[in-house]
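In: need a structure here:
(one chain, ligands or ions: 4)
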Amino acid sequence: LELESYLRKALQKNEFFLCYQPLIDLDTGNLYGSEALIRWNHPKLGLVSPGEFIPLAEETGLIKDIGGWVLRSACKQNKRWQMLGYKSLSISVNVSAYQFQQPGFLQEVKMALELSGMEPQYLTLELTESTMLRNVEHSIQVMQSLQNIGVKVSIDDFGTGYSSLSYLKDLPINTLKIDRSFINNLRLNTSDVAIVKAIITMGHGLAVKVVAEGVETQEQIELLKELKCHYAQGFYIHKPLMTSEFEEGLSKYA
Ligand code: G
Ligand code: G
Ligand code: NA
Ligand code: MN
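Out: Ligands and ions are numbered 1, 2, ... in the order given. Coordinates of the predicted model:
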């Protein structure tokens, strides 16, 4: 209850900020973009993990405002980086179920794009399988509308939800993001190799991009390259970075 009352005030008190975790293109080694990850710095509690407060924000409906803030902030920041010269830098934003199912969600996305001036093709929205499966018909409609305005849609934590492959062909998506549980222990001679290989092959067949998250070793990178995975993200490449750290990194990729 205390956490909830703190959370209610966090936006107006400016206690949230975003970190950015780089995604690299495995083919070229170039920076593709980043995933925006929310952080909450409370004066008494210190850093509270999103794993703790996002579920609470969902239960209380606060996620609507918080999620809107994340969208607008992430688009604004990415546009700034583009204007520094990194013209094709992309940004991924996590969208939670409650936020995604709101009637005004599409409008909120359009608003974030307008306010930032960022072109839609540089924005990817990450949805989990459980988010989409809450209401498949409605989800497909919203995802289609997003694609109609040029925004990309990614399935986050792919492989951990109710992974029925039957709906995959009907979902308007651009990217599959393989859950880090399959990547963390990925090395030669594990069954994870078979699973990851199958997901990547499926991605190529469906003409969607595949991202591996949770990459923690060079061996994993090599394997993912061999398997023709498009993009990678993980602690081995970079941990989530503060805005200033990300910007310093940018100059090295120039
Ligand atoms: O960054 P970290 O590993 O602590 O994130 C924990 C969880 O919080 C992850 O599942 C991540 O997807 C989620 N998360 C991080 N930032 C956001 C955000 O801006 N919105 C939503 N809905 N979830 C987020
Ligand atoms: O649920 P989602 O995939 O959005 O979670 C993203 C979170 O995963 C980030 O908050 C980040 O802290 C965490 N993460 C990113 N890279 C790695 C990694 O290489 N290993 C582990 N264990 N976690 C990671
Ligand atoms: Na994510
Ligand atoms: Mn994920």
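In: next secondary structure after the lowest-mean-pLDDT helix or strand in the chain?
Out: Least confident element among the helices and strands of the chain, by mean pLDDT, DSSP states H and E: helix 129-133 (a mean of 88). Using DSSP states H and E, the helix or strand that follows helix 129-133 towards the C-terminus is helix 136-148.
In: what is the mean pLDDT for that following helix?
Out: The average pLDDT within helix 136-148 is 95.
In: how about the next helix or strand after that helix and ligand 4, any contact?
Out: Following helix 136-148 in sequence order, the next helix or strand is strand 152-158 (DSSP H and E). Yes: Strand 152-158 is in contact with ligand 4 by Cβ under 5 Å from the ion, via 156-157. All C-beta atoms are positioned from the backbone trio N, CA, C, and that covers glycine.
In: so what strands line up beside strand 152-158?
Out: Its sheet considered, strand 152-158 pairs with strand 123-128 (parallel), strand 175-178 (parallel) by DSSP bridges.
In: contacts for it, please.
Out: Residues outside strand 152-158 that contact it (Cβ atoms under 8 Å, 6 or more residues apart in numbering): 92, 94, 121, 123-129, 132, 143, 146-147, 171-179, 199, 211.
In: what are the ranges of the strands in the stretch 151-254 of the chain?
Out: Assigned by DSSP state E, counting those that start in this stretch, the strands in the stretch 151-254 of the chain fall at 152-158, 175-178, 209-212, 231-232.
In: go on, the stretch 1-150 of the chain?
Out: Secondary structure of the stretch 1-150 of the chain (DSSP E, counting those that start in this stretch): strands located at 16-25, 31-42, 46-48, 90-94, 123-128.
In: mean neighbour count, mean pLDDT and distance to ligand 4 added to these, as JSON lines?
Out: Output for the strands of the stretch 1-150 of the chain, formatted as JSON lines (neighbours: other Cβ atoms under 10 Å; pLDDT from 0 to 100; distance: least, Cβ to the ion, whole Å):
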{"stretch": "strand 16-25", "mean neighbour count": "20", "mean pLDDT": "98", "distance to ligand 4": "11"}
{"stretch": "strand 31-42", "mean neighbour count": "20", "mean pLDDT": "98", "distance to ligand 4": "9"}
{"stretch": "strand 46-48", "mean neighbour count": "11", "mean pLDDT": "96", "distance to ligand 4": "20"}
{"stretch": "strand 90-94", "mean neighbour count": "24", "mean pLDDT": "98", "distance to ligand 4": "8"}
{"stretch": "strand 123-128", "mean neighbour count": "23", "mean pLDDT": "97", "distance to ligand 4": "7"}
